[in-house]
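>>> No letters, just coordinates:
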C-alpha cells in the first residue's frame, strides 16, 4: 500500500509569484506543487495538495484525512497560523503527524506573526527557507513514513 501525504496551503498562497515576491519569492504555487509531486512519485508516495482562502474549506479538507487515509500532513496555514483555533482543532482531531511550513521567517516579521497555533503540536516547523522548506518537509515525511525517522 502506498503512503499518502496531503499538502495544505492556506489563504493568499494562490497569489505566490505575484504577491510580495521580496518576501514570498517568485515561484508560483503551481510550480511548487509540481515539484513536490515529482519528488513524491520518485519515492512511490501519493501526494495530494489543496489550497483555499476559506478557513472552513481548509477544515473540511483536513477532516477528509479520515476517509482519504492520508498518513502525513504538510501544512502552510498562512495567516490562519496566527488566528485559527478551529483549524488547529481539526488538525488535532485527525491525529496525523504533520509539519508546519512557512515560506518567510514568521519570527522576523511583525509581532503578531510570532504566535503560531500549530507549532506546539507539529513534529517540526520550517520557517523562512522559501520553497526549500516544502521540499525539506516532504523529504522528512517520506523518511518518517518509511521508518527512517
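Happy to help now that I have it. Remember, predicted model here, so these are calculated numbers, not experimental data.

>>> Please enumerate the helices of the protein.
Counting by DSSP state H, the chain has helices at residues 21-24, 29-42, 55-63, 65-68, 85-94, 131-145.

>>> where does this structure have its least confident helix or strand?
helix 21-24 (a mean of 70; mean pLDDT, DSSP states H and E).

>>> Setting aside sequence neighbours, what's the nearest residue to the residue nearest the centre of the chain?
With distances taken as CA atoms, centre = their mean, residue 75 lies nearest the centre of the chain, 2.0 Å away. Distances taken as CB to CB, 6 or more residues apart in numbering place residue 8 nearest to residue 75, at 4.4 Å, with adjacent residues excluded. (Each C-beta comes from the backbone N, C-alpha and C, glycine too.)

>>> my read: that neighbour touches residue 50, true?
Yes. At 5.7 Å, residue 8 counts as touching residue 50 under the criterion of CB atoms under 8 Å.

>>> Settle it for me: which of the two has more neighbours?
Using other CB atoms under 10 Å, the more surrounded residue of residue 8 and residue 50 is residue 8, with 25 against 15.

>>> Quick check, pLDDT for that one.
As predicted, residue 8 sits at a pLDDT of 98.

>>> Tell me which residues touch it, please.
Counting by CB atoms under 8 Å, 6 or more residues apart in numbering, residue 8 touches 49-51, 58, 61-62, 73-77.

>>> likewise residue 59?
Residue 59 touches 86-87, 90, counting by CB under 8 Å, 6+ apart.

>>> per-residue confidence at the closest residue in space to it that isn't next to it in sequence?
Closest residue to residue 59 apart from its sequence neighbours, by CB to CB, 6+ apart: residue 90 at 4.5 Å. What the model reports as pLDDT for residue 90 is 97.
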